[in-house]
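**Student:** Please find the sequence and the predicted model below.
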Amino acid sequence: MGLDLTDILKIAPAAVIGLTVHEFAHAYTAYRLGDNTAKDDGRLTLNPLKHIDWLGFFLIIIAGFGWAKPVSFNPNNLKNKHRDEILISIAGPISNFVIASLFFVLARVLYSIDFFNSEFGLQVINLIMTWGVINFSLFIFNLIPIPPLDGSHLYLTYLKDINPKLMMNMYKYGTLVLLAIILAESNLNINILHISELVGGITSFFIQLLGFR
């Protein structure tokens with residue numbers, strides 16, 4: 001896998017933060033839109049143990065992207081089912097975008113302080129930048145339109161009214177397809193999702209925007 005303990009210690013905190021806030025954002029949005037399901041399930045919390053799916057967490061460590069335990073909600077409790085389901089779904093990825101942006105801004109602020117131009121300081125900044133990149137990966141990965149990822153809800157909320165059986169099959173096999181893609185990319189050097197290119201492009205944009213030399 002090409003990872004040592006140092007790599008894991010760098011990646012794990014960002015994965016825990018990203019996954020936890022991501023799922024909390026789903027739960028909080030659902031709660032604000034009138035559904036208490038996530039709250040009753042104990043998901044309206046920032047406790048990582050309530051949100052982490054260990055397989056998804058492990059895949060983030062080895063592949064750079066993964067998932068957490070999905071947050072449940074009851075569409076019947078929503079005032080505008082289609083709109084609110086989409087809002088609940090995109091709340092998670094948006095939270096990762098916000099976290100990544102905050103990490104990059106923090107890195108830039110530290111970069112402007114003389115102390116952080118030392119060797120140790122630059123290592124700290126590089127670590128924070130890595131955390132930003134990981135959260136950008138989560139942002140982009142979760143927008144992929146393959147169930148059970150959040151991007152799939154942009155069309156599945158309508159598909160369930162048109163063809164419920166097809167929607168159920170997509171949920172049933174979507175995770176297997178997604179896992180196969182991740183393993184293929186990690187072990188066969190096949191680039192299917194092109195996430196690294198997208199993340200690299202966004203990261204370069206932020207580096208230029210924030211004025212890193």
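**Tutor:** Arrived safely, thanks for sending.

**Student:** Look through this protein and tell me its longest helix.
**Tutor:** Identified as the longest helix of the chain according to DSSP state H is helix 81-111.

**Student:** The next helix or strand after it - contacts with which helices or strands?
**Tutor:** Moving toward the C-terminus from helix 81-111, the next helix or strand (DSSP states H and E) is helix 119-141. With contacts taken as 3 or more Cβ pairs under 8 Å, 6 or more residues apart in numbering; DSSP states H and E, helix 119-141 sits against helix 5-32, helix 81-111, helix 195-210. The C-beta positions use only the backbone N, C-alpha and C, and glycine is treated the same way.

**Student:** So for the last one, mean pLDDT?
**Tutor:** Yep, that's helix 195-210 we're talking about. Helix 195-210 shows a mean pLDDT of 79.

**Student:** Kindly export it (C-alpha atoms) in PDB.
**Tutor:** Written as PDB, here are the backbone C-alpha positions of helix 195-210 (Å, rounded to 0.1, in the frame of the first residue of the first chain):
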ATOM      1  CA  ILE A 195     -10.300  12.500  -8.400                       C
ATOM      2  CA  SER A 196      -6.600  13.200  -8.000                       C
ATOM      3  CA  GLU A 197      -6.600  15.500 -11.000                       C
ATOM      4  CA  LEU A 198      -9.600  17.400  -9.800                       C
ATOM      5  CA  VAL A 199      -8.200  17.800  -6.300                       C
ATOM      6  CA  GLY A 200      -4.800  18.800  -7.700                       C
ATOM      7  CA  GLY A 201      -6.400  21.500  -9.800                       C
ATOM      8  CA  ILE A 202      -8.400  22.900  -6.900                       C
ATOM      9  CA  THR A 203      -5.400  22.800  -4.600                       C
ATOM     10  CA  SER A 204      -3.200  24.600  -7.200                       C
ATOM     11  CA  PHE A 205      -6.000  27.200  -7.500                       C
ATOM     12  CA  PHE A 206      -6.000  27.800  -3.700                       C
ATOM     13  CA  ILE A 207      -2.200  28.000  -3.500                       C
ATOM     14  CA  GLN A 208      -2.200  30.700  -6.200                       C
ATOM     15  CA  LEU A 209      -5.200  32.500  -4.700                       C
ATOM     16  CA  LEU A 210      -3.700  32.600  -1.200                       C
END
